[in-house]
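Chemist: Provided below for reference: sequence and predicted model.
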Amino acid sequence: MGVLFVAVIIISQWYYEKMNASVDPRIKPARELYKSYNSYATVNDFDSLFYLMDTIESIYSSVAHYAKSYEIGVLYNNRAAAYLTMGIYDSTINETERDSIVLLGEISAREGIRIYEDWKRDYAELTEDEVISKVKSDFNIDEIKAAQDELESYLDTRINEIIDTQVEIDRRLSVSYTNLGIVYRYRMQYDSAAYCYEEALDLWEQNLSAENNLNVLLGRPQKKSNFIQRMFPPDRL
């Protein structure tokens with residue numbers, strides 16, 4: 001098992017280094033900054049976390065192609081999770097502050113849903129050839145100063161990211177509905193919470209968080225994650 005684990009780490013590191021080398025340089029700083037997300041989230045350093053996400057969003061929003069991208073939806077999902085963690089579990093804040101912070105979590109969750117649904121409408125049903133055509137038309141590759149082979153590499157990477165996200169978008173949207181369900185559960189609006197968890201599971205049946213939250217509402221036992229789920233949690237980006 002140890003040998004397998006080391007092999008997976010080495011292969012993964014090689015893969016992501018290769019991918020990062022061909023990432024659009026206009027938004028590469030955002031990808032680099034995102035590496036700090038887990039270190040802040042693990043210790044609940046919310047000030048650094050929100051500043052980090054604001055900075056990342058400003059980078060994506062500065063490039064027209066990314067201004068309405070799924071990456072912005074990822075940020076709103078993560079903002080929602082941070083607000084809800086702070087609002088529900090931070091014992092140092094009062095009830096008025098708690099409700100205000102949970103409201104910010106709701107706003108972020110709803111914005112994530114809107115962004116993902118807009119993205120699905122624009123991209124989800126496109127064929128590979130249509131994705132290639134669409135990305136080429138709005139990627140604005142002329143803005144990037146680089147050799148031709150590098151430009152082609154950046155464009156190919158983005159096309160592949162869009163094609164991969166066509167598969168992943170429902171999972172991402174499922175997380176948004178889970179976050180919104182947590183808001184309703186906090187407010188004891190249990191019917192609305194259950195609806196959100198069911199929507200989340202319709203989008204992604206392996207959403208363990210949605211399933212367990214729904215199980216709590218229905219008085220059913222919670223499920224534990226298996227080894228693969230613990231070792232390879234879904235990527236944020």
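Modeler: Sure thing, it's come through.

Chemist: from here on, contacts and neighbour counts on C-alpha atoms
Modeler: OK.

Chemist: Asp170 contacts Trp204, correct?
Modeler: Yes. With contact defined as CA atoms under 8 Å, Asp170 reaches Trp204; the gap is 6.5 Å.

Chemist: Who are the contact partners of Gly112?
Modeler: Contact analysis of Gly112 by CA atoms under 8 Å, 6 or more residues apart in numbering lists 72-77, 173, 176.

Chemist: Just those residues: which are in helices?
Modeler: Residues of the contacts of Gly112 located in helices (DSSP state H): 72-77, 173, 176.

Chemist: Buried subset of the residues you listed, written for ChimeraX?
Modeler: In ChimeraX, this line selects whichever of those come out buried by 16 or more other CA atoms under 10 Å:
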select :72,73,74,75,76,77,173,176
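
Chemist: any chance of the ones in helices among the contacts of Gly112 in TSV, with pLDDT too?
Modeler: Listed next are the ones in helices among the contacts of Gly112 as TSV, based on pLDDT from 0 to 100:
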residue	pLDDT
Ile72	97
Gly73	96
Val74	96
Leu75	96
Tyr76	97
Asn77	96
Leu173	97
Ser176	97
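
Chemist: closest to Thr55 among the ones in helices among the contacts of Gly112?
Modeler: For these, the closest approach to Thr55 (CA to CA) belongs to Leu75, at 10.6 Å.

Chemist: and the gap between that closest one and Ala210?
Modeler: Going from Leu75 to Ala210 by CA to CA, to the nearest Å gives 19 Å.

Chemist: before we move on, back to that, tell me the one of the contacts of Gly112 nearest Leu84?
Modeler: Asn77 (10.7 Å).

Chemist: Next up, the contacts around that closest one.
Modeler: Here Asn77 is in contact with 108-109, 112, 175-176, 179 (criterion: CA under 8 Å, 6+ apart).

Chemist: hmm, which two among the residues you listed are most spread apart?
Modeler: Using CA to CA, the contacts of Asn77 span at most 11.8 Å, a distance reached by Ser108 and Val175.

Chemist: Ile113 touches Ser176, doesn't it?
Modeler: Yes. The criterion here is CA under 8 Å, and Ile113 meets it with Ser176 at 5.8 Å.

Chemist: Now that we have the ones in helices among the contacts of Gly112, can you turn them into a markdown table and tack on distance to Gln166?
Modeler: Formatted as a markdown table, the ones in helices among the contacts of Gly112 follow (distance: CA to CA, whole Å):
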| residue | distance to Gln166 |
| --- | --- |
| Ile72 | 15 |
| Gly73 | 14 |
| Val74 | 14 |
| Leu75 | 18 |
| Tyr76 | 19 |
| Asn77 | 18 |
| Leu173 | 12 |
| Ser176 | 16 |
